[in-house]
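**Q** Let's see this in three dimensions:
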Amino acid sequence: MEKQQVKPYSEEGSKKKQVSNMFDNIAPYYDFLNRFLSLGIDRSWRKKAIAQLDPTKHKYVLDVATGTADLALETAKQIQVKQIIGVDISEEMLAIGRTKVAKKGLEQVIQLKSGDSENLPFEDNSFDALTVAFGVRNYEHLEKGLVEMKRVLKPGGKVVILEFSRPTIFPFKQLFNFYFKYILPTIGRFTSKDPKAYSYLYESVQAFPDGQDFVDVLNKIGYNNNQCIPLTLGICSIYVGEK
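**A** Next up, the predicted model:
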């Protein structure tokens, strides 16, 4: 479980509403800052996450917290899927995502919808695979969201979750934490015009149960064959499980 519930703006009000407002605020700058602040490494992380899917089995894919649809687009690039549905609570992020999907001519393959990870608008056992990139730590109720994801996954279906984690190797851990806590929020503050968004990024990663702790959460909820695959000295991790 989460150590504490970190919210973007204040203790008052729901985390879900605050996260939605935050992403609406930073949507125009989100893709640029992702590339710039990660030095472009986020692209390789997404490629490695989607490489966990099976092109022969995973034809109907749900991308939760799809944002501007980067992971959905990467899935369509790597796999001949029949349909990808992306859901997100930020309409501004979805609007940018739809523009990107249209530019690729993938409107028939990728459909983006407003949706809440804790109350997904789909029937039980609907999808062959489910993906999330940098979204689960933003859930208001982590376990509730993971249970809901499991509900819409077909038996034997696969979940692939890409999320920030905390490096443990000295001195990389100390250097990364300094960058993540001080440098990144300063750049984000001036570029995105939202002073809290990139401070929240650091705080939410610190509060998230990463590594084996998150694998334990997946085990508790009833996912099977769960594993954690650390990337880039532990900055990020891929979590893989099955229903």
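
**Q** what's the average pLDDT for the top helix by length along the chain?
**A** The longest helix of the chain (DSSP state H) is helix 15-37. Taken as a whole, helix 15-37 has a mean pLDDT of 87.

**Q** cool, stretch 89-107 as well?
**A** Average pLDDT, stretch 89-107: 97.

**Q** Show me how far that stretch is from its chain's centre.
**A** Centroid separation for stretch 89-107 versus its chain: 16 Å, with C-alpha atoms, centre = their mean, to the nearest Å.

**Q** so how far is the lowest-mean-pLDDT helix or strand in the chain off the chain centroid?
**A** Ranked by mean pLDDT, DSSP states H and E, the weakest helix or strand in the chain is helix 184-192, scoring a mean of 78. Centroid separation between helix 184-192 and its chain, computed with C-alpha atoms, centre = their mean, is 20 Å.

**Q** go on, stretch 30-42?
**A** Per C-alpha atoms, centre = their mean, the displacement of stretch 30-42 from the mean C-alpha position of its chain is 14 Å.

**Q** Straight-line length of stretch 108-116, end to end?
**A** 23 Å (C-alpha to C-alpha, to the nearest Å).

**Q** Can you list the neighbours in contact with the least confident helix or strand of the chain?
**A** For helix 184-192, the surrounding residues in contact (C-beta atoms under 8 Å, 6 or more residues apart in numbering) are 25-26, 29-30, 32-33, 36-37, 194-195, 197-199, 201-202. Using the backbone N, CA and C atoms, a C-beta is placed for each residue, glycine as well.

**Q** just stretch 93-102 next, same as before
**A** Outside stretch 93-102, the residues that touch it by C-beta under 8 Å, 6+ apart are 23-24, 27-28, 30-31, 66-69, 72-73, 86, 88, 107, 110, 112-114.

**Q** wait, residue 7 sits on residue 15?
**A** Yes. Taking contacts as C-beta atoms under 8 Å, residue 7 lies within contact range of residue 15: 4.8 Å.

**Q** Mind checking which of the two has more residues around it?
**A** Ranked by neighbour count (other C-beta atoms under 10 Å), residue 7 and residue 15 place residue 7 first, with 21 against 17.

**Q** Just give me the longest strand of this structure.
**A** Using DSSP state E, we find that the single longest strand of the chain is strand 153-164.

**Q** Who are the packing partners of it?
**A** helix 41-50, strand 127-133, strand 236-242 (3 or more C-beta pairs under 8 Å, 6 or more residues apart in numbering; DSSP states H and E).

**Q** and the ones you listed, which is most packed in?
**A** Among the helices and strands packed on strand 153-164, strand 127-133 has the highest mean neighbour count (mean count of other C-beta atoms under 10 Å), at a mean of 25.

**Q** residues contacting residue 158?
**A** Residue 158 neighbours (C-beta under 8 Å, 6+ apart): 52-54, 57-58, 128-130, 240-243.

**Q** Where does pLDDT dip in this protein?
**A** Applying pLDDT under 70 to the chain flags residues 1-4, 11-12.

**Q** How far does stretch 40-56 sit from its chain's centre?
**A** Put simply, stretch 40-56 sits 13 Å off its chain's centre (C-alpha atoms, centre = their mean).

**Q** gap between the two ends of it?
**A** Terminal residues of stretch 40-56 lie 29 Å apart, using C-alpha to C-alpha.

**Q** Please work out which residues outside that stretch touch it.
**A** With contacts defined as C-beta under 8 Å, 6+ apart, stretch 40-56 is touched by 34-35, 61, 70-71, 74-75, 78-80, 129, 131, 133, 158, 160, 162, 229, 231-232, 235-236, 238, 240.
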